[in-house]
Structure formats: structure tokens, C-alpha cells
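Engineer: The following comprises the amino acid sequence and a computationally predicted model.
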Amino acid sequence: MRAASPPIQARVSTAARATLLLGIVATLALPLRPASADEVENTCIICHMALPEPLNTPVEGIKHDIHAEKGLSCADCHGGDPTVMDLTSMAPETGFRGAPKPAEIPQFCGRCHADETYMRRFNPRLPTDQLSQYWTSIHGQRLRKGDTKVATCVSCHGVHGIIPPDRANSPVFPANVPDTCGHCHSNPQYMAEYKIPTDQVEKYKRSVHAQMVLVQRDFSAPVCNSCHGNHGAYPPGVTSIAEVCGQCHANNATLFTKSPHKAAFDKLGLPECVTCHSNHEILHATDAMLGGNDGTVCRRCHQPDSPGYAAAVKMRQAIDQLKDVMGDTEAMLAKASQMGMEVSDEEYNYRQDIRPQLVKVRTETHLADANSVLEIAQDGIKAAERSDAAAKATVTEATARRRNLLIPLAIIVVVMGLLYLKLRQLERPGNSNNHPG
Amino acid sequence: MSSPAAPSSRLLAWLDERLGIGEVITFLRHKTVPKGGHEVWYYFGGVSLFLFGIQVATGLLLLFYYKPGADSSYESVQFIVTRVPFGWLIRSLHSWSANLMVFAVFVHMFSVYFMKAYRPPRELTWMTGMVLLGLTMTFGFSGYLLPWNTLAFFATKVGTDISGLLPVVGPAVARLLRGGDEVSGATLTRFFGFHVAMLPAAFTAVLAVHLLLIQRQGMSEPLRAKTDSSKEGMPFFPGFILRDAILWLGVLALLLVLCTFLPWELGVKADPFSSAPAGIRPEWYFTFMSQTFKYLPAKIFGIDGDVVGICTFLIGGLILFFVSFLDRRAGRGERSPLFTLFGVLVILFMLTMVTLAYVKPY
């Protein structure tokens, strides 16, 4: 089990307090002298470089920080006068703000990030609603109530050395988000007082979504913030889950809301998509989930001989029948192709017209209407059978070609034999043709 | 009383009066082919000629339906192999016989080389043969692109890139071949022009000279066999011709089996905007070059490795082309082991690279 560790700003603050005195003494020990022309821009860095940890860590971090990349200096966030090479640079009259306390961090960052006019200078497309969203989040709400253990800006983005989220080494790059959230949410000791599960990240990493993001590097698949929001992070409510999943799975969500399940789930207080698919550990949906067999999600609620059970069985049979016909068609197309026949048109039709039909019929199951599923499955079956017939005709032709090859081969062999006999006759000893002249 | 002459004899007499074919028949009756256990190699010239004939015949038939163009080439070949009666056979015959022809031409060239048949007075026969080898490979290179499929498209891109490495003229040659900076529809129509007009005309002319020289000078005997005067030659007609005919029929049977059981595939239509798929390689007879370029370092003695590679191939080709003049020992009827070793090394190098291209393509 991971040892309890507080979030970044808490650790920094504790360490900073412990060494603050030593830092001040060390800084005072520096000879007081006017700053040279080269040093004018960076007296903060010159002093902090000479200080012990953690007061010197910003110096290293800022080298890779997006703020420094955009031309901002220490003073743009912390205030003070970086042109003065003594402690007066941090005097109150210079506007020195110092390091914010954990509870002050959102407002500290929001001073610029919530200012549309200021932010437009750097990136006109960058949102400026992070701060207002944050106060609506569970983190922000608890922070306002005095809980300083909750995540603030620096918990996810880091302190100095902040990297934009579109770079792969950023803690908020999609593939890194589960571990960033898990830093706190997977820590049982740290989360103990909140009485919420700490296995979300572990479960998520077994999900089909994690497989896509972490293994296939497909960042269109969701990570924590895709469903929970990022700055306004909040658990989705029971009745809004279909809306959340429907952001990507639009057809499934639309069909579900039209299905009899919607009203039934609402009445029973069941969390829509999650009831069948789970939440964090969403596995790859298979046909095995559907039908009347033990272990299907349908059997969790529908008892044998109930209308729902009969509909589930019917839907599963329709899908299985379509898959059987598609399997035959695929095998026949593969056989034709192996025989060297040109079936790219048939293969294209199969990919364009028939395979999507299976996706469509699986999607249609969210409407929970067996007749509708059967109708779409039948369309697919008919199309697959047409394609299968075309592939079979090609295989038949290839077989006929091989059989008919015997005729020209036989003729050739006979002519070769006759020519050989003629050659032997001509070259028989005593034949005048055997000798030139 | 004299009996009336048979119709065939009268026809021959009529033709003889106008064309003088009697002299040709008399010449062929007197012409002999050296014997001595090595005559099997003599048949590869004839096999190459037979396969060229198949190329011409099937090529003309393909022209009935083939439509050159980035939007029509692939579709027309697809139409030929799926809709045109026996189109699949004609297209496969064309592709398979092209490959067998390249193989036969290479065997013919190396057998002639090792028998030192290039020695005087057959310098011109050898050199025209080398030109025919070059034209055969150019035929293959230009024809490979014509179905406009993905493999051919990217192989042509690689091939024209290699030609662009030639010193001084390289960029101009690459641009001339492509009809622009990149392989495009302009390259396709250009290659079509090379393949069906310019190359056949050039090939036919050089082939005529090559055959005329062979008939004029007769077939060369290897140095070993030449010393053995007790062996009698085989009559060119009918002995050699009949054997040729039997072999040609065998080759035809092989072609039919290949076309039926392994029809030449069409592949996926070329998409100039897609990235090159894995495993791209040119036709097998160019892989000895493409594979070599994979192993060359970026710089050799400060010169680009690719440039050194293309220059080496060029020099190797020139040595082979002018070998009649370089191998003076063979010219004097003496053994020339140095040139034999050169030939062995060339063959070993080519076989190794071609094998690596298929066994270890990456």
C-alpha cells in the first residue's frame, strides 16, 4: 500500500517553514551591493539559487515552466522588485505577495487566469473560467469550508515547472491524468476522512477506456476529467450519467433515453449506463452481456418467462444469427482471396455495408425493443448473404479455372511428346537430317 | 515425265523467287550449335525470346481495355481481371511472363559471361545483349507502375529516388522519369508511353541486331570445349529448333499453372497522400540494389553513401558492358579466372541481397 503523502503544496509549505529561517539568514549574509546590468532581470533567481532546499527549487523548475517560456518572471506572480539586489526587493511597498497559502492558491493563479483581457495576450483560445469552475467543484467547495487537504491548481499542474496540458510530460496530459488524480484519490490514508472509495484508478486501469488511452495512446477516449470535469470536478448524479456517457456514446444514450429502461431505472434510482456497464471499470462490451443466459446483465433484473427476458433472448439470437452469416461471408471472401481472385469490391462492400450493420444492431439493443433489433439484423443478414453469394461465385470460378487448366496442359504435353518423337526420328543414326549439309 | 510439284513446294518456290528464302533455309540447314554438355545454357536466349513474344501478344490484348491515368488505371486493370473474358489470364500471363523473362535474361547473360562468349568477334552481340538486359529491366520498372496500386506507387517512388542519386544528371533524370518532383498521374502516363511505345521500338531494333549477329557469327563455344574438335555440332534446324519448341511449350505450361494457381494480384489502389505501408520493395530483380542502399552508411569517405552505391553499380554495369575489351586473356583463347571470379562475386552479391530483401526486409 502506498504511504500517505500530502499534496504538493502542503509538503512544500511544511518544508519551507522548516528552512525559512535558515534561508533568511543565508540571504542576509549576501553582501549588499547594487545589481549589475546583467543581474537586473533576475535578482530573485540569484538569491534563491544560493538558498537551501526547498527555497532554491523554483530556480530549477522555472527553466521548464510555460510562464517563463511566455516571458513572465517570478515577480509577475509573486510581486516584489526583481531589479533590487537586497531584501528590499521583497518589501511590502514593492507589491511583494510571496508564496500563497494553500487556501489562497486558486485566487493567486486566478488573478491572471480569470482575466480574459490579460490572458488574450498569450493565448486567445485559452479558457478563463477555471477559477469560477473550481469554486463549483467539490474541491473548491470544501476549500471554502476550510479543508486545505483538497486539490488546488498546483496539486494537478505542479508549482514551478508548469507544463501545458498538451505536452506529454505534463501531469495533466490525458495519459497522465489517472495517476495525477490517483496521487490523492488512490491513497487510503489521505482519503480516509472523506469515506469514498480509493480503487477508482485501479479499476479504471482495467477498463476499455484505459486500454485505449494508456496502451493504444488514443486520447479521444476518456480519462478522469472527461466524465468528472477538471476544474469543476464533481461526481455525476445518478440521472445525468447517460448525459455524461452520451457525450461520446451519443446513439446509445439517445436510444437508452427512449427505452423503457429509462423510466424504470429512474424509478428504482439506478444509475443509467453504470447499472449494466459499471463506472470506472468499464470493460469492453460483448454480446455475452446480452440474452437469457446466467451471467448476462439482463438476468440481473429479468427473470425467465418475463417479457424482458424474452426480449433479451430474441435480441441475442438476432445478433448471433447475423454474426454467423457474417462469419460465413468473411470465410468465403478470404477463401476467394487466397485463391488469388480479385474480390476487393466485395471486400469493400462487406466493410462498408455489412460490418457496420453489426455495430448498428448492437447499438439498437439500448432501445430494448426486440423487434427493432430483429429488423436491423435481418437487413444485415440479407446484405451478408448477397456478399456471400458473390464470394461463392468467385470461388466456383477459381475452382473451374483450375479444373479447366487440365485441357491446355494435356494438349501441350501431347504436342511436346509428338515433337520429341519427331526429334528422335530425325536424330536416329543414319538419318540424313542428323548431319548438317 | 516430271510429276507436278506439291503445293507447298510451289509456294516455297514462289517465295524463294521473291524473297530468296532458299538461301535462309540452306543457311539454317548448315548452321550448327556446339555440343559438349553445356548446350543447356544456349536455350535461355530462346526462352527469353519466347517470353518476349508472350509479352508482346498479351500486352497488345491488355491495351484493348487498359486506360492510363491516376483515376482509371487501377479501375481498368480491375475491370480486365474481373469482367473481361479471360482478362485474368491475359493479365497474369503478362505479369508472370515478364518476371520469368527477366529471370531467363539474367541466366542467359551470366551463362554467356561464364562461357566467355563475349570474346572477339562477338563484342557487339554481347553489348547488344547487355542493352537488351537494361531494356528488359526498364520494361519491368515502367510496367510495374501501370496498375497504379500502392506497392507499385511507392516502389516507383523509391526507384526514381535512386535514379536521382546519379552524379550530375541524377535530379534531371528523376524529374524526367516522374514528369515532376513527385510520382503522380503524370509519371503514370509517361511510364505508359515508355512501356508501350518507346521501349518496344528500341527493344525490337536492338533485338533484331542481336539475333542477326548470332545468326551471322554462330553460337560461341566455351574455351574448354573448343579444344575438343572431335565433337560434332548439333544441327540448328531441326535439332536445336525442335528442342527449343519443346522447352517453350514447357515454359508455356508452367506459365499457365502459375497464372491459374497464383494469379498476379492487383493490390490496393495507390493513394499518393497516404504514408508508405510497411514492407515496400521493388520487383525482385531490383531488390539487390534497394537492399544494398539500406546497408550503406550515410557517409563513405566523406561522400554520401547512396551516391557511392549508385556509382558502384554504375561502374559494375560498365565493367560488364565493356568486358569484351577488358578481358584480353579470354580474347586470346586463354583462361581468365579474374573475370570468372568477378562474375561469381556479382552473382553471390545479387543472390544475397535478393534473399535478404525477402527474409529480412527491415
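Structural biologist: On my side now, so go ahead.

Engineer: tell me which residues in stretch B:188-205 are buried?
Structural biologist: Burial within stretch B:188-205, assessed by neighbour count using 16 or more other C-beta atoms under 10 Å in any protein chain shown, is assigned to B:188, B:190-192, B:194-196, B:199-200, B:202-203. (C-beta placed from N, C-alpha, C; glycine too.)

Engineer: Oh, that last question was meant for stretch B:116-123, not what I typed.
Structural biologist: By neighbour count, and taking 16+ other C-beta under 10 Å as the criterion, the buried residues in stretch B:116-123 are B:116-119, B:122-123.

Engineer: Tabulate the buried residues of stretch B:188-205 (TSV), appending distance to chain A.
Structural biologist: What follows is the buried residues of stretch B:188-205, written out as TSV (distance: C-beta to the nearest C-beta, whole Å):
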residue	distance to chain A
B:188	19
B:190	26
B:191	22
B:192	21
B:194	26
B:195	22
B:196	23
B:199	27
B:200	27
B:202	32
B:203	27
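
Engineer: Which ones among those lie within helices?
Structural biologist: With helices taken from DSSP state H, the overlap with the buried residues of stretch B:188-205 comprises B:188, B:190-192, B:199-200, B:202-203.

Engineer: and the gap between the residue lying closest to residue A:290 once chain neighbours are set aside and residue B:236?
Structural biologist: Nearest residue to residue A:290 in three dimensions, chain neighbours excluded: residue A:316, at 4.8 Å (C-beta to C-beta, 6 or more residues apart in numbering or on different chains). With distances defined as C-beta to C-beta, to the nearest Å, the gap from residue A:316 to residue B:236 amounts to 78 Å.

Engineer: so what's residue B:66 up against?
Structural biologist: Residue B:66 makes contact with B:73, B:76-77, B:80, B:146, according to C-beta atoms under 8 Å, 6 or more residues apart in numbering or on different chains.

Engineer: try it again with 6 Å
Structural biologist: If you count contacts by C-beta atoms under 6 Å, 6 or more residues apart in numbering or on different chains, residue B:66 has them with residue B:76.

Engineer: and the closest residue to chain B within chain A, what are its phi and psi?
Structural biologist: When distances are taken as C-beta to the nearest C-beta, chain A reaches nearest to chain B at residue A:340, 3.8 Å away. Geometry field for residue A:340 lists phi and psi as phi 80, psi 10, criterion degrees, to the nearest 10.

Engineer: So it sits against residue B:260, correct?
Structural biologist: No: Residue A:340 lies out of contact with residue B:260 (C-beta atoms under 6 Å); the separation is 8.5 Å.

Engineer: Counting neighbours around each, name which of these two comes out higher.
Structural biologist: Set side by side, residue A:340 and residue B:260 show more neighbours around residue B:260, with 21 against 18, by other C-beta atoms under 10 Å in any protein chain shown.

Engineer: quick one: the nearest residue to that one once chain neighbours are set aside from residue B:85, how far?
Structural biologist: For residue B:260, ignoring the flanking residues on the chain, the nearest one in space by C-beta to C-beta, 6+ apart is residue A:405 at 4.7 Å. Taking C-beta to C-beta as the measure, residue A:405 and residue B:85 are separated by 16 Å.

Engineer: Give me the more crowded residue out of these two.
Structural biologist: Neighbours per residue (other C-beta under 10 Å) separate residue A:405 from residue B:85, with residue A:405 holding more: 17 against 7.

Engineer: The more buried one and residue B:255: what is the separation?
Structural biologist: The spacing between residue A:405 and residue B:255, counted by C-beta to C-beta, is 11 Å.

Engineer: what's the answer for residue A:257, then?
Structural biologist: Taking C-beta to C-beta, one finds residue A:257 at 64 Å from residue B:255.

Engineer: Mind listing what's buried along stretch B:97-109?
Structural biologist: Neighbour count says stretch B:97-109 has B:97-109 buried, by 16+ other C-beta under 10 Å.

Engineer: Keep only those of those residues that are in helices.
Structural biologist: Among those, the members found in helices (DSSP H) are B:97-109.

Engineer: Out of those residues, which two sit at the greatest distance?
Structural biologist: Within these, two members stand farthest from each other by C-beta to C-beta: B:97 and B:109, at 18.0 Å.

Engineer: So which residues on the stretch 1-150 of chain B come close to chain A?
Structural biologist: For the stretch 1-150 of chain B, the residues in contact with chain A (C-beta under 6 Å from any C-beta of the partner chain) are B:30, B:32, B:81-82.

Engineer: which one among those gets closest to residue B:353?
Structural biologist: Using C-beta to C-beta, the shortest approach to residue B:353 within the residues of the stretch 1-150 of chain B next to chain A belongs to residue B:81, at 31.6 Å.

Engineer: So what does residue B:299 look like in phi/psi?
Structural biologist: Recorded main-chain torsions at residue B:299 are phi -130, psi 140, according to degrees, to the nearest 10.

Engineer: Give me the spatial nearest neighbour of it, chain neighbours excluded.
Structural biologist: Distance criterion C-beta to C-beta, 6+ apart; nearest residue to residue B:299, sequence neighbours excluded, is residue B:305 at 6.1 Å.

Engineer: who touches the one you found in this structure?
Structural biologist: Taking C-beta under 6 Å, 6+ apart as the definition of contact, the neighbours of residue B:305 are B:296-298.

Engineer: Tell me how far it lies from chain A.
Structural biologist: The gap separating residue B:305 from chain A is 34 Å, by C-beta to the nearest C-beta, to the nearest Å.

Engineer: Same list, the ones in helices among the buried residues of stretch B:188-205, but as CSV with pLDDT please.
Structural biologist: Written out in CSV, the entries for those read as follows (pLDDT from 0 to 100):
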residue, pLDDT
B:188, 95
B:190, 95
B:191, 96
B:192, 97
B:199, 96
B:200, 96
B:202, 97
B:203, 97
